[in-house]
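Engineer: mind looking at a prediction? Sequence and model below.
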Amino acid sequence: MPKASSEQAASKIVDQLAELYTQATARLRSALVLYLEKGIAPEQQSRLCGVFAYPELKITYAPDGKPPVFSRAFGKFASPGVYTTTITEPELFRGYLEEQLALLLDDYQIEVEVGVSSVEIPYSYVLDGSSDLNMKDADPSELARVFPFADLGAIGDEIVDGEFVSNDGTLPLALFDAPRTDLSLHRLYHYCGTPFEHIQPFILFTNYHRYVDEFVRWSLQQLRESDKYTELSVSGFVTVDRNTKNPEQKIADAPWRKYQMPAYHLRAKDGAGITLVNIGVGPTNAKTITEHLAVLRPQCWLMIGHCGGLRQSQKLGDYVLAHAYHRNDHVLDDVLPLDIPIPALAEIQVALAEATARVSGKGMDAVKSRLRTGTVVSKDDRNWELRYTQEARMINRSRAIAVDLESATIAANGFRFRVPYGTLLCVSDKPLHGEIKLPGAANLFYQQSIREHMLIGFEAVNILKNDVAMGLHSRKLRAFEEPPFR
């Protein structure tokens, strides 16, 4: 099919999905109003007909001969078959869905069907922002008896983890179905304190709030000086744009402290903006947030935070570009065993190194004196230094050059969820060499280092934006039997 035709066909398919989804959620919301106001429950027979159900996308691929071989990492079939998935929030995922569908329509003879699935939309997902729903005297257990609810027994990562078993012979079209996606979208809403619709495809993680201050400062500068970005959405459900009076104060007054992992989104006209999430300290939050952000299929996520330098030659303010991870965090051992390697991704490594050189204003040879590539060990114990003898022996064997508590988790889940990942850390102390983090030295370090570090993160994103069409999504992240969608 010609490219223009495939793009038009893909858009029409998403239109159909959006119409079915809008109708189902409207019916569910109306039924809730009727039940809450008059006690009238929906008819079970109508539920069996799918009045509250997610739309389903089905693609049948039955080639006459051998399937064509493509070098790209996604948008291809591993084998003939019938592929299905349920879809939520089609308008939110329109760009993603149209891209995936257009690739398949371009290169394969396929039959695409849009219909109503047998999977119902949980009532809780139509509550937020519904002023017409009087929930004051509602009993959640009673609502779950009458309406569809989020059944955790039917939600999981079996497709992602290669454990999916089909009950009807169909194959998964995407890594995440609608129930799994909806669960994560609404968790993001509550963890981050921003609309999930505002999350951008290029994601930076940090483990210190001071990075947030620099992100906000830089973002406001971009809004004032460029028309590339449209607004800054900050934790606490506050947005500002170039016309907002005293945006700094409005952001400072936002109730971001109420949220476990505050997020900040610099939204762009082309949809390719930047999100920063302050995940705090520790691998548990890193695991949680990546498992939920993954459903949005971001272009990449990068860890931009602090670490302890482990080599005598390192200085405070030096950078560490991780090319390997010693996973001593333990939070993913059950789903991603330690004997599975987490490879460095060349496109990310090159972008971070190049960004460091550009921001420093020096050539790559000069940058090498401050940028060291090596293994980062991530711990699950912030006080690992109290077992110095034991830990130092392990670190020595691993040849690690830096230690933190989050990077390996973020990289491992990036590998697991097929999201390109990378890590550029800044040495803030040297625990094995007597340079521990003390208030006076730390404040000076923060003043000098954080702005440059964040600028490197921004520049790396700019570089990676140009690589999206050229292979950012490495085949290293894909198994040999993958769902067609990225």
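Structural biologist: Noted; the coordinates are in hand. The structure presented is a predicted model; accordingly, all values stated were derived computationally and were not measured.
Engineer: excluding chain neighbours, what is closest to residue 384?
Structural biologist: Closest residue to residue 384 apart from its sequence neighbours, by CB to CB, 6 or more residues apart in numbering: residue 391 at 5.2 Å. C-beta here means a position set from N, CA and C on the backbone, and glycine is covered the same way.
Engineer: and the residue sitting nearest the centre point of the chain, which helix or strand is it part of?
Structural biologist: Most central in the chain under CA atoms, centre = their mean is residue 293, positioned 3.0 Å from the mean C-alpha point. Using DSSP states H and E, residue 293 maps to helix 283-293.
Engineer: so after that helix, what's the next helix or strand?
Structural biologist: Counting by DSSP H and E, what follows helix 283-293 is strand 300-309.
Engineer: show me what that next one is packed against.
Structural biologist: strand 202-206, helix 346-360, strand 400-404, helix 407-417, strand 421-429, helix 439-467 (3 or more CB pairs under 8 Å, 6 or more residues apart in numbering; DSSP states H and E).
Engineer: so what strands line up beside it?
Structural biologist: Here strand 300-309 has these sheet partners by DSSP bridges: strand 202-206 (parallel), strand 400-404 (antiparallel), strand 421-429 (parallel).
Engineer: what strand or helix carries the residue nearest to residue 384?
Structural biologist: Short version, using DSSP H and E: residue 391 is in helix 388-398.
Engineer: show me what that helix is packed up against.
Structural biologist: Helix 388-398 makes packing contacts with strand 371-379 when contacts are defined by 3+ CB pairs under 8 Å, 6+ apart.
Engineer: just checking: what are the partner strands of the strand it packs on?
Structural biologist: When DSSP bridges is applied, strand 371-379 pairs with strand 319-328 (parallel), strand 400-404 (parallel).
Engineer: re the thing from before, identify all contacting residues around the helix holding residue 293.
Structural biologist: 157, 184-185, 187-188, 191-192, 199, 203, 205, 260-261, 277, 279, 301, 329-332, 378, 380, 405-406, 408-410, 413-414, 417, 419 (CB atoms under 8 Å, 6 or more residues apart in numbering).
Engineer: quick one, what contacts residue 280?
Structural biologist: 207, 260, 261.
Engineer: apart from its neighbours in sequence, what residue is nearest residue 186?
Structural biologist: residue 125 (6.3 Å).
Engineer: my read: the one you found touches residue 182, true?
Structural biologist: Yes: the criterion here is CB atoms under 8 Å, and residue 125 meets it with residue 182 at 5.2 Å.
Engineer: give me the common contacts of these two.
Structural biologist: By CB under 8 Å, 6+ apart, residue 125 and residue 182 have these common neighbours: 88, 150.
Engineer: and the strands paired with strand 300-309: which comes nearest residue 145?
Structural biologist: strand 202-206 (38.8 Å; CB to CB).
Engineer: by how many degrees do that closest one and helix 407-417 diverge?
Structural biologist: On the basis of axes from the mean of the first three to the mean of the last three CA atoms, to 10 degrees, strand 202-206 is oriented at 150 degrees to helix 407-417.
Engineer: following element in sequence after strand 202-206, please.
Structural biologist: With DSSP H and E, the next secondary element past strand 202-206 is helix 209-225.
Engineer: wait, what's in contact with residue 162?
Structural biologist: So, once contact is read as CB under 8 Å, 6+ apart, residue 162 ends up touching residue 479.
Engineer: and the gap between it and residue 297?
Structural biologist: 18 Å (CB to CB, to the nearest Å).
Engineer: may I see the buried residues of the longest helix anywhere in the chain?
Structural biologist: Longest helix in the chain by number of residues, with DSSP state H as the criterion: helix 3-38. Going by neighbour count (16 or more other CB atoms under 10 Å), the buried part of helix 3-38 is 6-7, 9-10, 13-14, 16-18, 20-21, 24-25, 27-29, 31-32, 35-36.
Engineer: equivalent analysis for stretch 306-317, please.
Structural biologist: 306, 307, 308, 309, 310, 311, 314, 316, 317.
Engineer: tell me what the first one is bridged to.
Structural biologist: Under DSSP bridges, the beta-bridge partners of residue 306 are residue 426.
Engineer: now do the same for it: its pLDDT.
Structural biologist: Looking at residue 306, its pLDDT reads 93.
Engineer: I figured it hits residue 426, correct?
Structural biologist: Yes: taking contacts as CB under 8 Å, residue 306 lies within contact range of residue 426: 5.7 Å.
Engineer: quickly find the element holding residue 190.
Structural biologist: helix 178-192.
Engineer: same for that helix, what does it pack against?
Structural biologist: strand 81-86, strand 110-120, helix 283-293.
Engineer: please repeat the previous calculation with a cut-off of 10 Å.
Structural biologist: Contacts defined by 3 or more CB pairs under 10 Å, 6 or more residues apart in numbering; DSSP states H and E place helix 178-192 against strand 53-61, strand 81-86, strand 110-120, strand 263-268, strand 274-278, helix 283-293.
Engineer: coming back round to it: now the helices and strands packed on strand 300-309 as a markdown table including distance to residue 268, mean neighbour count and mean pLDDT?
Structural biologist: A markdown table is the format used below for the helices and strands packed on strand 300-309 (distance: least, CB to CB, whole Å; neighbours: other CB atoms under 10 Å; pLDDT from 0 to 100):
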| stretch | distance to residue 268 | mean neighbour count | mean pLDDT |
| --- | --- | --- | --- |
| strand 202-206 | 9 | 26 | 98 |
| helix 346-360 | 18 | 20 | 95 |
| strand 400-404 | 29 | 26 | 96 |
| helix 407-417 | 22 | 26 | 98 |
| strand 421-429 | 21 | 25 | 95 |
| helix 439-467 | 10 | 17 | 82 |
